[in-house]
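[1] Show me the folded form of this:
(chains A and B)
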Amino acid sequence: MSSPRDSSTRDLAPSPLRTAGSFLLSRVQQIGIFIALVVIILLFQGLTGGRLLTAGNVANIIVQNSYILILAIGMVMIIIAGHIDLSVGSVAAFVGAATGVMVVQWGWPWWLGIVVGIVLGAVVGAWQGFWVAVVGIPAFIVTLAGMLIFRGLTQITLSNTQITPFPTEYRQLGGGYLFPELFPASTSPAEWITVGLGVLTLVLFVGSQLRGRAKRVKLGVEAEPAWWFWTRTGFGALLIVLVTFLLGIAEGSRGTPVVLIVLGALIVIYTVVMQRTRFGRHIYAVGGNRHAADLSGIRSKRIDFMLFVNMGILAALAGIVFTGRLNSAGPGAGNLFELDAIAAAFIGGAAVQGGIGTVVGAITGGLIMGVLNNGMSLMGVSTDYQQFIKGMVLLLAVAFDVYNKRRSRSLG
Amino acid sequence: MTAILEMRGITKEFPGVKALADVNLTVERGEVHAICGENGAGKSTLMKVLSGVYPHGTYGGEIVFEAEPVEFRSITDSEHKGIVIIHQELALSPHLSLAENIFLGNEIVGRGGLIDWHATNTEAQRLLARVGLGDNPAVRANEVGVGKQQLVEIAKALSKDVKLLILDEPTAALNDEDSAHLLDLIRHLKGQGITSIIISHKLNEIKAIADKVTVIRDGRTIETLVTDEVSEDRIIKGMVGRDLESRYPERQVRIGEEVFRIEDWRVHHPTESGRVVIDGANLSVRAGEVVGIAGLMGAGRTELAMSIFGRSYGSHITGTAYLHGKSVDVRTVPAAISAGLAYATEDRKRYGLNLIEDIKRNISAAALDKLVGRVLVDGEREILVAEEYRRSMRIKTPSVNAVVGKLSGGNQQKVVLSKWLFTDPEVLILDEPTRGIDVGAKYEIYTIINTLVADGKAVIVISSELPELLGICDRIYTISEGRVTGEFPIAEATPEALMQRMTQEKEADHVLAP
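    Sure, this is the predicted structure:
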């Protein structure tokens, strides 16, 4: 006996390959960015004759871009809510300068400097949040003013000079590797810490994916085809293995950069915040339709305020990482960081009008920029060309996004 | 007299909706011709066909203007022939001067391609004088009141050598004095040979100014009447006279105790704090009861509902809200929601839904707390909840992960209702719950309303469609100009009686005899 469903499957259902194709097409917006990153990595791996994916260079890419990636996390959240923050570079510089004064000039303990620096970032964020949420001035204006105000305060704090050198402990956050003093590079057990961390990450990642799928299947709400689940999980696992290999096992590896641990923790925490907490979900609701959010009982102004406080904290952290890496706090630090962070968020699929974007997308967008920079530098492309190419990438990435949205709208 | 305009067999279809079906309209030269009909009857669509907003080819039928068939491709085409439409929403640019507004898009250009400001200002002054305004043409548009802005619009029309002036609800936003002045002006222009078409709900206005009135209902011309020969009730009959058979599902009425009541509710305009929008409204709703609010556009229906729901509209709101006889705090939206109120907006795209988000997250948006464990949102339970509403509301979608913006109007409305049901409300205020959705989906929405009241919830329905209110309500309030002008148990409610109270103006407190 054949039900109507059977016959329709026989007559009309597309081949499995076609269904897979249309599934991928429906996700192209989310997947496209990862494919782009892989393509760019492979491209430069080829163009540089394999110099891109070496132990030293991968660690370099991570460390060099860490502060932009930290900023990109806060930035994508602000952009999802429909705002923008132009001040993060200045705020990062200001906090870096302030911690410099505290730790270097006043001789405070390094950890106290970091803690007070982050509190200072929160205060700066609250200041900007006040103007945006309470007074109702567009964030573009508030943070444009903030960009000038905090750049000015940076220069005042530093009296236009550099503060250097910072204590070794302080510098770990920006440029350190896990326990080099315990395991000098020559004896190589640093590898085992890295490999151990890699295995732990792998187990946690695959485990959480499997548990989530098992729960969804049990409740009968799994929407993802099995093959895609495995492709996705496999890809993630492969990435973890590759990074672990390059940082811990490959020739010339120096172990795990401290900042990678920080960054990894931030990515996990903020992804959970955005997807599974009230705060995160309210950000999407406010960005998607502020009126509807207000009428659903969401306090959109409180969300705006919290977002800027959060951005201030992340900008402070980025400032501390950057100062640590350079071992100096300077009046020009953090210049144009805001634009890199904004570009990362948009390349990573955030929508200009708000409501759409992910933390992982912004990180991927930031890495695309980072790999482009690094790859072109390895090839000896001069910085003027680098600027040009980065600009084109930003433009094309957003154009691709706009095109996709229009296409999906016409389908719907 | 000869006809200046003839529209013959005009038909206009939108995807899935026939907005106009074989409409005929003849307007004589030099007359004031009123067009009336309920909201959604097709009045505005007809005027958009006439003025070229819907270009030739997108509608059926023919238009003859000044004895010559015309095929307008844009508003510019129709204006070129002397047909000017003044829309309900004023289109003045607030930061430009009156003179600049009058000649916007039609600037007086002198030698060298530069604007001749002297000519612009003197000509503007002359035009303003023609509409009875002595204002300086250099004053900015936002510095004059709404009534004057309306007159400036007409001056702008005069600058274009208007032969046929179309006014869409010209007095909707005006006070009595400004309205009277505007009607005088239309009469005055008639004396100068300008023909006018006026779209209005206000029957006393139509009686006062129009020579003829054409009644449109459900996209068809019903009749053209000579206004001096008919009563207002005769016009009302033409507007509402449709059969009310089984478009509404049956319901067992079981009404309980009073759930919600507002007393002496008074709301001022959000920016013009001198203007009273809702004036001392009292109303109540009981468990298991569907209460209707009938009012014409601009009467204050939505403003009343939104001011109750967490003061989402208005300023200087006074009055008391009672839930089960005890005064209740509804001053913020979260407070209103936790008190058990829900408000499903008339404009679901702008105020009701996050169109770029999926169904499940829209449904959970107003009561996300119910899905939160200690810290985290239970995403799996969220899907289950959404699936349940998808079943019970019969939301037609392949998946609850589908983006809401892609659903049809009826299904979007079901998502809005699901969102509010998930907040476990006691009182649901549904503002135009069936606007813009097809007949089949309307029936489903009525069925959902019936289920709600069967569960003992109290439902307030705001609607511009009288048949809808008569079909689903147990009691109907009428409001007009921000005041509750009547309360009808369903047995006593007739379209004529409601329409009388809905068009009742402040001064005209006497009951218009049937």
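
[2] Of all residues in the stretch 251-400 of chain B, which one is closest to chain A?
    B:Asn354 (3.5 Å; Cβ to the nearest Cβ). The C-beta positions use only the backbone N, C-alpha and C, and glycine is treated the same way.

[3] show me the contacts for that residue.
    Contacts for B:Asn354 were tallied using Cβ atoms under 8 Å, 6 or more residues apart in numbering or on different chains; they are A:Tyr284, A:Ala285, A:Gly288, A:Asn289, A:Ala292, A:Ala293, A:Gly355, B:Arg361, B:Asn362, B:Ala365, B:Val404.

[4] what about 7 Å?
    Shown in contact with B:Asn354 (Cβ atoms under 7 Å, 6 or more residues apart in numbering or on different chains): A:Ala285, A:Gly288, A:Asn289, A:Ala292, A:Gly355, B:Asn362, B:Ala365, B:Val404.

[5] same check, this time on B:Tyr322
    B:Tyr322 makes contact with B:Phe260, B:Arg261, B:Val328, according to Cβ under 7 Å, 6+ apart.

[6] The first one: helix or strand, and which one exactly?
    By that I understand B:Phe260. strand B:258-268 (DSSP states H and E).

[7] and residue 313, what helix or strand is that in?
    Unless you meant another one, I'm taking chain A. helix A:300-326.

[8] That helix packs against which elements?
    Under the contact criterion of 3 or more Cβ pairs under 7 Å, 6 or more residues apart in numbering or on different chains; DSSP states H and E, helix A:300-326 touches helix A:55-80, helix A:88-100, helix A:110-129, helix A:168-175, helix A:278-288, helix A:290-295.

[9] can you pick the most crowded of the contacts of B:Tyr322?
    Taking other Cβ atoms under 10 Å in any protein chain shown as the neighbour criterion, B:Phe260 ranks highest of these with 26 neighbours.

[10] Most tightly packed of the helices and strands packed on helix A:300-326?
    Mean neighbour count (mean count of other Cβ atoms under 10 Å in any protein chain shown) peaks for helix A:88-100 among those, with a mean of 31.

[11] tell me the average confidence for that one?
    Averaged over helix A:88-100, pLDDT sits at 97.

[12] Please apply the same query to stretch A:163-178.
    For stretch A:163-178, the per-residue pLDDT averages 88.

[13] Quick one: name the residues of chain A near chain B.
    A:215-216, A:219, A:221, A:223, A:276-278, A:281, A:284-285, A:288-289, A:291-292, A:294-297, A:355-356, A:412 (Cβ under 7 Å from any Cβ of the partner chain).

[14] what's the pLDDT at the most centrally placed residue in chain A?
    Centroid-nearest residue in chain A, with Cα atoms, centre = their mean: A:Ile363, separated by 2.9 Å. pLDDT for A:Ile363: 96.

[15] host element of it?
    Assessed by DSSP H and E, A:Ile363 sits inside helix A:359-379.

[16] what about that helix, distance to the chain center?
    Centroid separation between helix A:359-379 and its chain, computed with Cα atoms, centre = their mean, to the nearest Å, is 11 Å.

[17] helices or strands up against it?
    Using 3+ Cβ pairs under 7 Å, 6+ apart, helix A:359-379 sits against helix A:28-47, helix A:55-80, helix A:258-276, helix A:337-347, helix A:383-411.

[18] Output it as PDB, restricted to C-alpha atoms.
    Taking Å, rounded to 0.1, in the frame of the first residue of the first chain, the C-alpha atoms of helix A:359-379 are listed here in PDB:
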ATOM      1  CA  VAL A 359      30.400  35.900  17.100                       C
ATOM      2  CA  VAL A 360      31.900  33.000  15.200                       C
ATOM      3  CA  GLY A 361      31.200  34.800  11.900                       C
ATOM      4  CA  ALA A 362      32.900  38.000  13.200                       C
ATOM      5  CA  ILE A 363      36.000  35.900  14.300                       C
ATOM      6  CA  THR A 364      36.100  34.300  10.900                       C
ATOM      7  CA  GLY A 365      35.800  37.700   9.300                       C
ATOM      8  CA  GLY A 366      38.700  38.900  11.400                       C
ATOM      9  CA  LEU A 367      40.800  35.900  10.500                       C
ATOM     10  CA  ILE A 368      40.200  36.400   6.800                       C
ATOM     11  CA  MET A 369      41.600  39.900   7.200                       C
ATOM     12  CA  GLY A 370      44.400  38.600   9.300                       C
ATOM     13  CA  VAL A 371      45.400  35.900   6.900                       C
ATOM     14  CA  LEU A 372      45.200  38.300   4.000                       C
ATOM     15  CA  ASN A 373      47.500  40.700   5.800                       C
ATOM     16  CA  ASN A 374      49.900  38.000   6.800                       C
ATOM     17  CA  GLY A 375      49.900  36.200   3.500                       C
ATOM     18  CA  MET A 376      50.500  39.400   1.500                       C
ATOM     19  CA  SER A 377      53.300  40.400   3.900                       C
ATOM     20  CA  LEU A 378      54.900  37.000   3.400                       C
ATOM     21  CA  MET A 379      54.700  37.500  -0.300                       C
END
